[in-house]
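Colleague: Structure for the following, please:
(one chain, ligands or ions: 4)
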Amino acid sequence: MRAHAHVDERNFSAFLNVLLFLSLSLSPLDSELKTDSVCVVLLFPSSQALGPLRLFQASLLFSTIAVAVAIEYYQPEQIHLAYGDSPNDIVVTWTTYSNCDSVVEYGVGGFALKAEGSTTKFVDGGSEKRVMFIHRVTLKDLIPDAKYSMCNSGYHCGSVLGWSGVFWFKTPPDDESKWSPFLAVYGDMGNENAQSLARLQEEVQRGVYDAIIHVGDFAYDMDSDNARVGDEFMRQIETVAAYLPYMTCPGNHEQTYNFSNYRARFSMPGDTEGLWYSFNMGPIHFVSLTTEVYYNFNYGMKQLVKQYYWLENDLKEASIPENRLKRPWIITYGHRPMYCSNDDYDDCRQHSTFVRSGIPFLKWFGLEDLLYRYGVDLSIWAHEHSYERLWPVYDYKVLNGSTSEPYRNPRATVHIVTGSAGCSERTDPFIPAKPDWSAYRNSDYGYTRIKAWNGTHLYLEQISDDQDGQVIDNIWIIKDKHEAFSTKDNIDSPPLNWT
Ligand SMILES: *[C@@H]1O[C@H](CO)[C@@H](O)[C@H](O)[C@H]1NC(C)=O
Ligand SMILES: *[C@@H]1O[C@H](CO)[C@@H](O)[C@H](O)[C@H]1NC(C)=O
Ligand SMILES: *[C@@H]1O[C@H](CO)[C@@H](O)[C@H](O)[C@H]1NC(C)=O
Ligand SMILES: [Fe+2]
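Modeller: Residues are numbered from 1 along each chain as shown. Ligands and ions are numbered 1, 2, ... in the order given. Got it, this is the predicted structure:
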């Protein structure tokens, strides 16, 4: 647990010290005390008496009965970033436990600019109905190729097991076609046993990546312990997510209370509260999906149908020749894979995986046909706590570019499963016999790196945290042309009026 100046059970005793300190030393303020309450904003110096509560800004509500003290808490925490509607818009999101405004002061080399946003009250669905306030501020039209920071360098402290925060972020170059975005991608990272996190903190704070994609399953679970596990997780990832866009999709661990913790805490583009959306980075069109609508019918099937037609539209739009020329790579990510060869009984071990071939019996709304029809280059999944790379595959058929160079002009979508960032459920082993569509498998903790060098060359590598950051797998996907894998019209769409 990192030292955070926030108010909850864990440092309540520290607070009692503060209150004691206040009652002993703040007599000059007595005259300002009104009968019901008074708001005192203080900057605490670092001092022995205050222990871990350094530079602390608090507003204390004194009731006339000194024993029952309610504490208002305005300290921002759980700060994280996401792309807005374009890579030059950054959305800053954070949490407080009392209601207050949402302001970001920012700039290059100083806080010259100020942006205001919105504050939303979020009530967790658990028995305590805990209340928090989620703050969202969009920083629009940022200067290209800039580092937004107070000064040009910073420092961090800690150990190889975790680093503290200094906040800054970079913006993409002006000419997006000259941008070769570099991302870290993984799924299934929890609060407990987040083994890859320290390595990611080190790399992110050194400015290695442009963005992170977390392919579902957070915290284990965000709603647990009346959403305190979610708070703690968001504090942990602040050390990476406050420095670059941390893009997400929901997984099965987010489903409680209709995904409300997920929807409240993240700020993804579009109008679905982060359930599905797309965004662009240089030569890449990214599409984020929720696979949960295929497995979780508690909240109805409308969402499944909506997402399907949204996806078809989005892929159609991205495939318009002038769009595809500008952003040749179409990369999708969603939590539960279409293919996997793990030694468990998950859906991806079934031939007719729901997300791949559609809802049971009717076989409608399967997503693999869409990937094939619109020539999706790469599909990233997680959920299985391991790494698996597939040969180009469609409907269990391996469609290599050629036997000697399977990923040069592949004839189907390339899939990877990367869900071993680290969580309390540990890693998943594989069945001994590797299926012929599976190219490489590894159950080390780790994550994937992706770099789109340009419109023809995409590089992908797998990092093992167990092996001290070793690259254990890598491929180049090389494409002279990005287009539909099939021009055949024999793939049926489900009926439009179906709900
Ligand atoms: C679940 O949340 C979605 C919004 O994301 C809403 O449209 C839907 O009606 C909700 N379903 C239920 C059963 O509350
Ligand atoms: C695809 O390429 C790989 C690597 O060369 C090879 O091992 C595999 O047999 C190929 N599969 C097919 C169906 O051609
Ligand atoms: C694309 O990037 C690759 C890898 O860096 C490079 O070898 C290739 O020449 C580049 N192609 C163009 C057209 O710049
Ligand atoms: Fe999962």
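
Colleague: and the nearest residue to residue 442 once chain neighbours are set aside, backbone torsions?
Modeller: Take residue 442 and drop its neighbours on the chain: the residue closest to it by CB to CB, 6 or more residues apart in numbering is residue 387, 4.9 Å away. Every residue, glycine included, has its C-beta placed from N, CA and C. The phi/psi pair for residue 387 (degrees, to the nearest 10) reads phi -120, psi 130.

Colleague: got it, and the one 10 residues further on?
Modeller: Dihedral angles of residue 397 (phi, psi; degrees, to the nearest 10) stand at phi -100, psi 130.

Colleague: Where does pLDDT dip in the stretch 101-250 of the chain?
Modeller: Scanning the stretch 101-250 of the chain for pLDDT under 70 picks out 150-155, 157-159, 161-166.

Colleague: got the residue ranges for the helices in it?
Modeller: Along the stretch 101-250 of the chain, counting by DSSP state H, counting those that start in this stretch, helices occupy 197-205, 224-241.

Colleague: what's the offset of whichever helix or strand residue 286 is part of from the middle of its chain?
Modeller: Counting by DSSP states H and E, the element that carries residue 286 is strand 284-288. Distance of strand 284-288 from its chain centroid, counting by CA atoms, centre = their mean, to the nearest Å, is 14 Å.

Colleague: same deal with stretch 257-273?
Modeller: 11 Å.

Colleague: mind listing what's buried in it?
Modeller: 257, 259-269, 272-273 (16 or more other CB atoms under 10 Å).

Colleague: among those, which are within reach of ligand 1?
Modeller: Contacts with ligand 1 within the buried residues of stretch 257-273, counted by CB under 6 Å from any ligand atom: 263, 273.

Colleague: Just the buried residues of stretch 257-273: which are in helices?
Modeller: In helices, judged by DSSP state H, the following of these are found: 257, 259, 260, 261, 262, 263, 264, 265.

Colleague: Of these, which ones also sit close to ligand 3?
Modeller: Of these, not one also sits near ligand 3 (CB under 6 Å from any ligand atom).

Colleague: the strands in the stretch 51-200 of the chain, which residues?
Modeller: Counting by DSSP state E, counting those that start in this stretch, the stretch 51-200 of the chain has these strands, from start to end: 57-61, 70-72, 77-83, 90-96, 103-106, 113-116, 118-123, 131-139, 147-148, 158-159, 162-163, 169-170, 182-186, 189-190.

Colleague: interface residues of the stretch 251-400 of the chain facing ligand 2?
Modeller: So the stretch 251-400 of the chain meets ligand 2 at 391, 398, 400 (CB under 6 Å from any ligand atom).

Colleague: hmm, which of these are the buried ones?
Modeller: Buried among those (16+ other CB under 10 Å): 391, 398, 400.

Colleague: The last one in helix, strand or coil?
Modeller: To tie it back to what came earlier, the one meant is residue 400. Three-state call for residue 400 (DSSP: H, G, I helix; E, B strand; the rest coil): coil.

Colleague: Would you mind measuring from it to residue 411?
Modeller: Per CB to CB, to the nearest Å, residue 400 is found 7 Å from residue 411.

Colleague: Overlap in contacts, the two.
Modeller: Common neighbours of residue 400 and residue 411 (criterion: CB atoms under 8 Å, 6 or more residues apart in numbering): residue 392.

Colleague: Next, count neighbours for residue 384.
Modeller: Residues contacting residue 384 under the criterion other CB atoms under 10 Å number 29.

Colleague: pLDDT value on it, please?
Modeller: pLDDT, residue 384: 98.

Colleague: By proximity to ligand 4, which residue of the stretch 101-250 of the chain wins?
Modeller: The minimum distance from the stretch 101-250 of the chain to ligand 4, using CB to the ion, falls at residue 217 (4.3 Å).

Colleague: Give me the buried positions along stretch 233-253.
Modeller: Buried residues in stretch 233-253, counted by 16+ other CB under 10 Å: 233-251, 253.

Colleague: These: which ones sit near ligand 4?
Modeller: Contacts with ligand 4 within those, as defined by CB under 5 Å from the ion: residue 251.

Colleague: which residues in the stretch 301-450 of the chain form helices?
Modeller: Taking DSSP H, counting those that start in this stretch, the helices of the stretch 301-450 of the chain run over residues 302-319, 321-326, 354-357, 368-373.

Colleague: ok, and the closest non-adjacent residue to residue 273?
Modeller: Per CB to CB, 6+ apart, closest to residue 273 is residue 263, 3.9 Å.

Colleague: What of residue 277?
Modeller: Closest to residue 277 by CB to CB, 6+ apart is residue 270, at 3.5 Å.

Colleague: Next, give phi and psi for the one you found.
Modeller: Residue torsions, per degrees, to the nearest 10, at residue 270 are phi 80, psi -170.

Colleague: What is the end-to-end distance of stretch 459-475?
Modeller: 6 Å (CA to CA, to the nearest Å).

Colleague: Check what contacts it and list those residues.
Modeller: 195-196, 199, 378, 387, 389, 407, 414, 416, 418, 422, 440, 442, 444-453, 476-477.

Colleague: from these, which would you call buried?
Modeller: Buried among these (16+ other CB under 10 Å): 195-196, 199, 378, 387, 389, 407, 414, 416, 418, 422, 440, 442, 444-450, 452, 477.
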